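J.: Fold the following.
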Amino acid sequence: MERMETMEHKKTMESIASIGSVFKIFPMHIRNEIQSACLSFRNLEEIRVRVGQPLLFMSGQTEGFFTRQPGYITGEKQRAYIVTPQDVGDMLVFISRYSLFAFEEEVRGGYITLEGGHRVGLSGQAVIHEGALQTLRNISYLNIRISHEVKGCAENMLPYLYRQPGRRQSGIYNTLLVSPPGRGKTTLLRDMIRLLSDGTNTHAGLKVSVVDERSEIAACCRGVPQNDVGMRTDVLDACPKSTGMMRLIRTMSPQVVAVDELGSKEDASAVAYAIHSGCSVLGSVHAYGLEEMLYKPILKEFVIQRYFDRYLVISQEEGQGRVYRMYDADRKPLC
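T.: All right, here's what the predicted structure looks like:
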């Protein structure tokens, strides 16, 4: 029991340490109170900051309002701290390291990645030029998404990915993760990438190239991955998936190309190009299952053209929690 409590304490302290970069972006009068608040950092998923509205902490389906003096989280909106324009202004200064202009490209994309892999989504007044969004002004809304690495979560799925189990340098099946938002799809994909890249006791590590269009897999900050994606992994950050896949195949000679949230016609063409080039594709899509994929034109093409040999469907079932089911190219269950 003592050992379990020690491990639990260690995990909690590591979790608190990992979101230290999140605390730093708050004004000092909020920062100290948040750090002393009664909050489960391990389960924290989002912090919502909106001018004129309560400061919200999101953990799964549960939300809490931050209050000051003393700082703690409550379910009572009446006692919540209300975010001011000055609060958001100060946060933008800290997020951009005192130069928002230096982050112009990130602002145009709608988010900035912090150290530790956490992301800050931005919203406000859009500046449009010739039909294209140029930048954001009067930023009044921030969505701080907390990054959580779960190393080892993909270990049980890995044997179903290798083409010839037990033989080194055998490569993997083209594999697609199928899941609606919020089911841990990207977390699982990231761990698969790490394990394939580092290798296992029975399989050598593979050269993996990641196209991280939204900086959610590797979570690069100033070009350096904040998440562990393996020793043989190359990352192309903030690049459209279709363009990035073709570029990495030509320049980095990967054995596996990994991407998150496929779905466009260009993505489908890039997947076909990768497969025909001899690379394996590890990707994900938003859908509740294989049946729903058949109702979406682009995703239907993946199934009908048999681009993928493995489908890992992630679902949430009452009384069972999160459930994983693996299917082959013919949509027959494997496990």
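
J.: Can you show me the helices along the stretch 51-200 of the chain?
T.: Remark: helices assigned in the stretch 51-200 of the chain by DSSP state H, counting those that start in this stretch are 85-95, 104-109, 185-198.

J.: Next, work out how far apart the spatially most central residue of the chain and Asn227 are.
T.: Closest residue to the average C-alpha location of the chain: Glu216 at 3.5 Å, with Cα atoms, centre = their mean. According to Cβ to Cβ, to the nearest Å, Glu216 and Asn227 sit 9 Å apart. For the C-beta atoms, the positions are set from N, CA and C on the backbone; glycine is no exception.

J.: Any idea how many residues pack against the residue nearest to His118 when sequence neighbours are not counted?
T.: Closest residue to His118 apart from its sequence neighbours, by Cβ to Cβ, 6 or more residues apart in numbering: Ser147 at 4.9 Å. By other Cβ atoms under 10 Å, the residues close to Ser147 number 22.

J.: Hmm, Gln226 and Ser147 touching each other?
T.: Yes: counting by Cβ atoms under 8 Å, Ser147 does reach Gln226; the two are 7.1 Å apart.

J.: after the worst-scoring helix or strand of the chain on mean pLDDT comes which helix or strand?
T.: Within the chain, no helix or strand scores below helix 2-18, which has a mean of 45 by mean pLDDT, DSSP states H and E. On the C-terminal side of helix 2-18, the nearest following helix or strand under DSSP states H and E is helix 20-23.

J.: Tell me which other helices or strands the helix or strand just after that following helix touches.
T.: Using DSSP H and E, the helix or strand that follows helix 20-23 towards the C-terminus is helix 28-36. Counting contacts by 3 or more Cβ pairs under 8 Å, 6 or more residues apart in numbering; DSSP states H and E, helix 28-36 packs against helix 20-23, strand 62-67.

J.: Buried residues of the first one, list them for me.
T.: In other words, helix 20-23. Residues of helix 20-23 classed as buried by neighbour count (16 or more other Cβ atoms under 10 Å): Ser21, Val22.

J.: I'd like the average pLDDT over it.
T.: Helix 20-23 comes out with an average pLDDT of 79.

J.: pull the CA atoms of that helix into PDB?
T.: Output of helix 20-23 as PDB, limited to C-alpha atoms (Å, rounded to 0.1, in the frame of the first residue of the first chain):
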ATOM      1  CA  GLY A  20       4.200  24.500 -14.900                       C
ATOM      2  CA  SER A  21       4.400  26.300 -18.300                       C
ATOM      3  CA  VAL A  22       0.600  26.700 -18.100                       C
ATOM      4  CA  PHE A  23       0.700  28.500 -14.800                       C
END
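
J.: chain center to it: distance?
T.: Centroid displacement of helix 20-23 relative to its chain, using Cα atoms, centre = their mean, to the nearest Å, is 18 Å.

J.: Same check on the longest one?
T.: Distance of strand 62-67 from the chain centroid (Cα atoms, centre = their mean) equals 23 Å.

J.: between that strand and helix 28-36, how big is the angle?
T.: Strand 62-67 runs at 130 degrees relative to helix 28-36, counting by axes from the mean of the first three to the mean of the last three Cα atoms, to 10 degrees.

J.: what's strand 62-67 packed up against?
T.: Other helices and strands packing on strand 62-67, by 3+ Cβ pairs under 8 Å, 6+ apart, are helix 28-36, strand 56-59, strand 72-74.

J.: Check those for me: which has the lowest mean pLDDT.
T.: Looking at these, the bottom one is strand 72-74 with a mean of 61.

J.: hmm, back to that, where does the residue nearest to the centre of the chain land in three-state SS?
T.: Put simply, Glu216 is coil when judged by DSSP: H, G, I helix; E, B strand; the rest coil.

J.: Now do the contacts for the closest residue in space to it that isn't next to it in sequence.
T.: Distance criterion Cβ to Cβ, 6+ apart; nearest residue to Glu216, sequence neighbours excluded, is Thr186 at 5.4 Å. Contacts of Thr186 were listed using Cβ atoms under 8 Å, 6 or more residues apart in numbering, and they are Glu216, Ile217, Asp260, Ser284.

J.: Present those as a markdown table; the columns should include pLDDT.
T.: Output for these, formatted as a markdown table (pLDDT from 0 to 100):
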| residue | pLDDT |
| --- | --- |
| Glu216 | 86 |
| Ile217 | 92 |
| Asp260 | 94 |
| Ser284 | 96 |
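
J.: who wins for most neighbours among these?
T.: Within those, most neighbours by other Cβ under 10 Å means Ile217, with 26 neighbours.
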